[in-house]
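In: Give me a model of this one.
(2 chains)
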Amino acid sequence: MINKYLQIYKECIKVSFATASTYRVNFLLSNFILLVSNILFPLVTVMIYGSGASFPNWSFYEVLLIQAIFTMSAGLAQILFNGVLWATMRYVIDGSLEIVLIKPVDSLFYLIASTISLESLGLLLGGGIMFILAIVNVGAITLLMWLQFIVLFLSGLLVMMGTSLIMAATSFKWVGNSRIPEIFDSINTFGKYPQSIFNKATSSFTAFVIPVAMVGYFPAAALLGKVNLSMYVAIIPCILFTMIGILLYKHMIHLYEGVGG
Amino acid sequence: MNYIKHKLEVIKAVSLVTYKEWSAYRTHSMVSIFVGPVYFIVQYFIWTAVYSGRSELNGMQLSQMITYFGVTALIGYLTMDFADWNLQMLVRTGKFLTFALRPIHHRFFALSQKIGHRILGFFFEFLPCLAIFIFVFKVNMMPVSFGLTILSIALAFLMNFYLNYIIGLTAFWLVQSSSIRRVFQLLLSIFSGGLIPLVFFPLPLQKLLFFLPFQYVSYVPAMVFTGQYKLANLTMTIPQIVGVQTIAVVVTALLSEVVYRASMKRFTGVGA
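Out: Residues are numbered from 1 along each chain as shown, chains lettered A, B, ... in the order given. Below is the predicted model of the structure:
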């Protein structure tokens, strides 16, 4: 059973590479634009520090590290999960999700696998460049810090997956609304900055309710030696958040009527 | 006189139809009622932290900065435009032919559509967010000069439209102009002042930005609202900068006509 699913996933990755190589000019241009636009993403931070101001108790490279990790996580999520939203939206509008439902595999798995998109590699690469730039300027990082980082980064990736699935589930009811991602993007913005700039209620919300702090801030804190127990506790809501996403999506498939809209 | 009356009737008819058409998707517009205030809250925390222990940064006080971000969000709802996307789609699919046959300039038709679309934005995005900024966040939303602010926003509305229209016209040469659209939107989002006031940019870049059209879409109307304009160490009175903005809009409109005429020579009506 697992072998079958691994085989399908492998095939889907192959198809994704084949698609990218067929439209290679578009692929390269899209990735280049994403790369450039994401190198410009920390522009506000650059301008703030360039003006001689700062976030209290945070150096420029420490803030850049948070934003680099956030970008890498967003890049991976775009490649691995985000296609589900657009595919679901299209199927629901057309009333053609049956094409997926009749396949002898788990529908959610198939949708995730078949919508892998390499067009966001530029996002991952842009984040990676910023990450290297920040890492070499923030001081020594021990092996334990790297391990803590990996655990928290993967938890953040779970949040991104949960977000993608909740967005996709929403599109079953809110048919054809291409602005759904804006809602979640706006909430995600809280994860791009040091949580110390927010008040207690906001930082608790971003750590334990919609745990976007796990996407950028907590993994960066691990590399900076600022990790604490509450950050590990926040892994639990990350797992719950992803489970809610999966269950909600499956529930919406159950309610799907196939009439289009 | 009859000519103007006829034009106004066309604007009224097209904008009304567009308004009705998009009213079916008004909940899409209402996403802004959530998104706008959330982004504003983030900006509030960012700048409150950055200003801690400071009274002024690049000539702007914290209260001015907070107002600036509220105003730029609201201006965005009034000037939002996607004429570039519409036009490139019409060219790519060959549907532009139906507009070429009509006794009305396509640009005028697209502008009338935008008016209808943004009237919808006024009711379902601008007014609710304005109420939230005033009554929930207690932001001062009273412009220094009411008349000049409205004029400046109207000019920003036209500037955004003409710029996007010119970008859309590139489809006559490129057919698939999505990449150039993305590059332009990226530049516009940064250099219009939507992310950060332009006085935070390095001085040489500020000097360059003064001669580019981006500032007239967001930065200028926001500064007209606050009652003081400064860029590249150049300070202007509000009537002066609105005058410069008017000239910039007229030049851009003329440029769009020049590009439109060149485009028509390439039009085949076949699509791609």
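
In: What pLDDT does the model give residue A:178?
Out: Residue A:178 carries a pLDDT value of 81.

In: same question but for residue A:256, I mixed them up
Out: pLDDT for residue A:256: 87.

In: And for residue A:87?
Out: pLDDT at residue A:87 comes out at 91.

In: List the residues that contact the residue in the stretch 151-272 of chain B that chain A sits nearest to.
Out: Closest residue of the stretch 151-272 of chain B to chain A, CB to the nearest CB: residue B:200 (4.1 Å). C-beta: built from backbone N, CA, C; applies to glycine. By CB atoms under 8 Å, 6 or more residues apart in numbering or on different chains, the residues touching residue B:200 are A:47-48, A:50-51, B:58.

In: What subset of these is buried?
Out: Those of the contacts of residue B:200 that meet the buried threshold are A:47-48, A:51, B:58, by 16 or more other CB atoms under 10 Å in any protein chain shown.

In: picking up where we left off before, now the residue of the stretch 151-272 of chain B closest to chain A. Nearest residue, chain neighbours left out?
Out: Spatial nearest neighbour of residue B:200, excluding adjacent residues (CB to CB, 6 or more residues apart in numbering or on different chains): residue A:47 at 4.1 Å.

In: Pretty sure the one you found sits against residue B:197.
Out: No - with contact defined as CB atoms under 8 Å, residue A:47 does not count as touching residue B:197 (9.0 Å).

In: Quick one: name the residues of chain B near chain A.
Out: Selection of chain B residues close to chain A by CB under 8 Å from any CB of the partner chain yields B:25, B:27-28, B:31, B:34-35, B:38-39, B:41-42, B:45-46, B:48-52, B:54, B:57-58, B:176, B:179, B:182-183, B:186, B:190, B:195-196, B:200-202.

In: what residue ranges in the chain are flagged as low confidence?
Out: Went with chain A since none was named. Applying pLDDT under 70 to chain A picks out residues A:38-39, A:260-261.

In: try again with chain B
Out: B:176-177, B:269-272.

In: Residue A:118 - how many residues pack around it?
Out: By other CB atoms under 10 Å in any protein chain shown, 18 other residues sit near residue A:118.

In: just checking, it touches residue A:27?
Out: Yes - with contacts counted by CB under 8 Å, residue A:118 reaches residue A:27, the gap being 7.1 Å.

In: Name the residues contacting each of these two.
Out: Common contacts of residue A:118 and residue A:27 (CB under 8 Å, 6+ apart): residue A:20.

In: and residue B:22, what element?
Out: Per DSSP states H and E, residue B:22 falls inside helix B:2-23.

In: Which SSE is immediately downstream of that helix?
Out: By DSSP H and E, the next helix or strand past helix B:2-23 is helix B:26-29.

In: what's that following helix packed up against?
Out: Here helix B:26-29 touches helix B:106-121, going by 3 or more CB pairs under 8 Å, 6 or more residues apart in numbering or on different chains; DSSP states H and E.

In: what angle do the helix it packs on and helix B:2-23 make?
Out: 50 degrees (axes from the mean of the first three to the mean of the last three CA atoms, to 10 degrees).

In: So what touches helix B:106-121?
Out: B:7, B:10-11, B:13-19, B:22-23, B:26, B:29, B:32, B:77-81, B:83, B:86-87, B:96, B:99-100, B:102, B:157, B:161, B:165, B:256-257, B:260.

In: CA atoms of the helix or strand just after it as CSV?
Out: In the C-terminal direction, the helix or strand that comes right after helix B:106-121 (DSSP H and E) is helix B:127-131. Extracted in CSV, the C-alpha atoms of helix B:127-131 (Å, rounded to 0.1, in the frame of the first residue of the first chain):
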residue,chain,number,x,y,z
LEU,B,127,-16.3,52.5,3.6
PRO,B,128,-16.2,49.5,5.9
CYS,B,129,-12.4,49.8,6.3
LEU,B,130,-12.6,53.5,6.8
ALA,B,131,-15.1,52.9,9.6
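
In: host element of the residue nearest to residue A:116 when sequence neighbours are not counted?
Out: Spatial nearest neighbour of residue A:116, excluding adjacent residues (CB to CB, 6+ apart): residue A:16 at 4.6 Å. Under the criterion DSSP H and E, the helix or strand holding residue A:16 is helix A:2-22.

In: gap between that helix and the chain center?
Out: On the basis of CA atoms, centre = their mean, to the nearest Å, helix A:2-22 sits 21 Å off its chain's mean C-alpha point.

In: In contact with residue 65, which residues?
Out: As the question left the chain open, I've gone with chain A. Residue A:65 makes contacts with A:131, A:134-135, A:138, A:220, A:223-224, as judged by CB under 8 Å, 6+ apart.

In: try chain B instead
Out: Shown in contact with residue B:65 (CB under 8 Å, 6+ apart): B:47, B:51, B:57, B:197.

In: most surrounded residue in these?
Out: Busiest of the contacts of residue B:65 [other CB under 10 Å] is residue B:197, holding 25 neighbours.

In: where along the chain do the helices fall?
Out: Picked chain A for this. A:2-22, A:24-39, A:43-50, A:60-80, A:83-94, A:98-101, A:107-114, A:121-135, A:143-173, A:180-188, A:200-204, A:217-223, A:229-233, A:235-255 (DSSP state H).

In: Wait, chain B was what I had in mind.
Out: With DSSP H as the criterion, chain B has helices spanning B:2-23, B:26-29, B:32-50, B:62-79, B:83-93, B:96-100, B:106-121, B:127-131, B:146-169, B:171-174, B:178-191, B:203-210, B:219-226, B:238-266.

In: buried ones in the last one?
Out: Neighbour-count burial for helix B:238-266 flags B:238, B:241-242, B:244-245, B:248-249, B:252-253, B:256, B:259-260, B:263 (criterion: 16+ other CB under 10 Å).

In: Make TSV out of the residues you listed and add distance to residue A:174.
Out: Output for the buried residues of helix B:238-266, formatted as TSV (distance: CB to CB, whole Å):
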residue	distance to residue A:174
B:238	42
B:241	42
B:242	41
B:244	43
B:245	38
B:248	39
B:249	37
B:252	37
B:253	38
B:256	36
B:259	38
B:260	38
B:263	37
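
In: which of those lies closest to residue A:55?
Out: Within the buried residues of helix B:238-266, the smallest distance to residue A:55 is 32.1 Å, found for residue B:241 (CB to CB).

In: what sits up against stretch A:141-155?
Out: Under CB under 8 Å, 6+ apart, the answer for stretch A:141-155 is A:69, A:73, A:135, A:211, A:214, A:218-219, A:221-223, A:225, A:227, A:231, A:234-235, A:238-239.

In: Please identify the buried residues of the helix holding residue A:16?
Out: A:8-9, A:12, A:16, A:20.

In: of the residues you listed, closest to chain B?
Out: Among the buried residues of helix A:2-22, and counting by CB to the nearest CB, the member closest to chain B is residue A:20, at 15.5 Å.
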